[in-house]
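Colleague: how would this look folded up:
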Amino acid sequence: MEPSTYRLTDQQKYFIVFRRQQGLSYDQIIIDFEEEFGRPVTEGAISKIMDKFNRTQSVQNFDSPGRPLIYSARDKRDLARVSITNQGQSLRDIANNELLNPAGASKSTIQRTLVDSGIKTIVEPKRLSFMESIDLKNRKSFAKGHLEWTLDDWKRVFFLDEADLLPTYQGKQYIRLRENQRPGDVCPNLGWKQKKLTIKVFGMVSYWGVGPLVPVKGTMDGPNYLRILQAHVEPVLPDLLRKVQGEVGRRAQLIMVDDNAQYHRVYDVENWKKRMGFYPISPSGWPSYSPDINIIENIWGVLEDRLYEHKQSLHKASEMWEYTQELWNHFDVEFIQTLYRSLPDRMNNLYNCRGDPINY
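Modeller: Residues are numbered from 1 along each chain as shown. Below is the predicted model of the structure:
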């Protein structure tokens, strides 16, 4: 049965109207309609048709005008051009700027307009603004070499990194200023407080959770890095290797990933890596400017967010270190394993983006 009136032709609708005007009942119209057109019609359909005819003196369906267009085709081209030439402006900035948005369109309308114009907006990734064409090429090449890597392949990898931790929110931060106020009037001691609370740490992460977390005093260099590797990383490697070989296979080898800091590549450190028998992540190593594919960066970000949540109770570096240790020792293993499971997708995205930054 066809209960929807829009499936009826205008001829069929007028047949119903004329029969109703002749005083026929709904039951009689249903019988006549089926004899005439070979298809049924419901009482509800007849009622809707008559209601519409009584209101409009017509049975035709007219296109709804909808909301008027905010942007003409020319306005859309202008908006696309403005968004490209004002790279530092967020969508909210553009929406609130009367010169850039004279029509007063909302942020979501502007976003849809840009998407329709083939333009996407992303948050500029940190520490990736200095990449050159060779860096993009190396990142794409690295991703291509790991497109076929499964989760089991990535389980062999453990990540090492150093970080300066301070209680700061890792997302965008905003402050509100009264007229004639300056940012320094609202947070005059922010720089001093951050410097006072900043701690430098070394950390290790594997698929099975966090490894050692070591405070770093002074400037990190080759000898200091080697001492940390020998004193804190080397003792946990046998247990890690057993876990890897238990899940991946007896012949599986560990893969160590650190970034391209100069002291990571000094002679004594390279010799230590060879002595440990690590399998190389790639012939050329980990690509430069690639925190977006290094999952330990996500962990540092979570730690700083947690520290930020408790910043009111942190007054000196020693308290920062104690609380950081507590967070580290209770870090969610499932979250870390979720990051590992994201690595195959990161490789695909990085390759498809031709080495450009990806959002992770």
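Colleague: who does the one helix or strand residue 320 maps to touch, helix- and strand-wise?
Modeller: Assigned by DSSP states H and E, residue 320 belongs to helix 317-329. Packed against helix 317-329 by the contact rule (3 or more Cβ pairs under 8 Å, 6 or more residues apart in numbering; DSSP states H and E) you find helix 190-197, strand 199-206, strand 209-215, helix 295-309. C-beta coordinates here come from the backbone N, C-alpha and C atoms, glycine included.
Colleague: Summarise which helices and strands the host helix or strand of residue 110 is packed against.
Modeller: Assessed by DSSP H and E, residue 110 sits inside helix 107-116. Using 3+ Cβ pairs under 8 Å, 6+ apart, the elements in contact with helix 107-116 are helix 73-85, helix 91-96.
Colleague: winner for burial among those helices?
Modeller: helix 91-96 (a mean of 16; mean count of other Cβ atoms under 10 Å).
Colleague: Might you calculate how far that helix sits from the centre of the chain?
Modeller: 21 Å (Cα atoms, centre = their mean, to the nearest Å).
Colleague: what's it packed up against?
Modeller: Using 3+ Cβ pairs under 8 Å, 6+ apart, helix 91-96 sits against helix 73-85, helix 107-116.
Colleague: Can you say which of those helices is nearest to residue 33?
Modeller: helix 107-116 (43.8 Å; Cβ to Cβ).
Colleague: rounded to a whole number, what's the mean pLDDT of whichever helix or strand comes after the closest one?
Modeller: Going down the chain from helix 107-116, the next helix or strand is helix 133-145, by DSSP H and E. On average, the pLDDT along helix 133-145 is 93.
Colleague: Helix 133-145 packs against which elements?
Modeller: With contacts taken as 3+ Cβ pairs under 8 Å, 6+ apart, helix 133-145 sits against helix 333-352.
Colleague: coming back round to it: out of the helices and strands packed on helix 91-96, which gets nearest to residue 91?
Modeller: Closest among these, using Cβ to Cβ: helix 107-116, at 4.9 Å.
Colleague: returning to what we had before: any chance of the helices and strands packed on helix 91-96 in TSV with mean pLDDT as columns?
Modeller: Shown next, in TSV, are the helices and strands packed on helix 91-96 (pLDDT from 0 to 100):
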stretch	mean pLDDT
helix 73-85	75
helix 107-116	78
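Colleague: As a markdown table, these with distance to residue 61 would be great.
Modeller: A markdown table is the format used below for those (distance: least, Cβ to Cβ, whole Å):
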| stretch | distance to residue 61 |
| --- | --- |
| helix 73-85 | 27 |
| helix 107-116 | 27 |
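Colleague: Please name whichever of those is nearest to residue 209.
Modeller: Using Cβ to Cβ, the nearest of the helices and strands packed on helix 91-96 to residue 209 is helix 107-116, at 39.0 Å.
Colleague: Could you list the buried residues of that closest one?
Modeller: Neighbour counts over helix 107-116 (16 or more other Cβ atoms under 10 Å) mark 109, 110, 111, 113, 114 as buried.
Colleague: before we move on, what about stretch 15-33?
Modeller: In stretch 15-33, counting by 16+ other Cβ under 10 Å, buried: 15, 16, 17, 19, 20, 26, 29, 30, 33.
Colleague: quick revisit: rounded mean pLDDT for the helix holding residue 320, please.
Modeller: Mean predicted lDDT for helix 317-329 stands at 92.
Colleague: what's the spacing between that helix and its chain's center?
Modeller: 28 Å.
Colleague: in that helix, what counts as buried?
Modeller: In helix 317-329, counting by 16+ other Cβ under 10 Å, buried: 317, 320, 321, 323, 324, 327, 328.
Colleague: what's the answer for stretch 219-233, then?
Modeller: For stretch 219-233, by 16+ other Cβ under 10 Å, it's 220, 222, 224, 225, 226, 228, 229, 232, 233.
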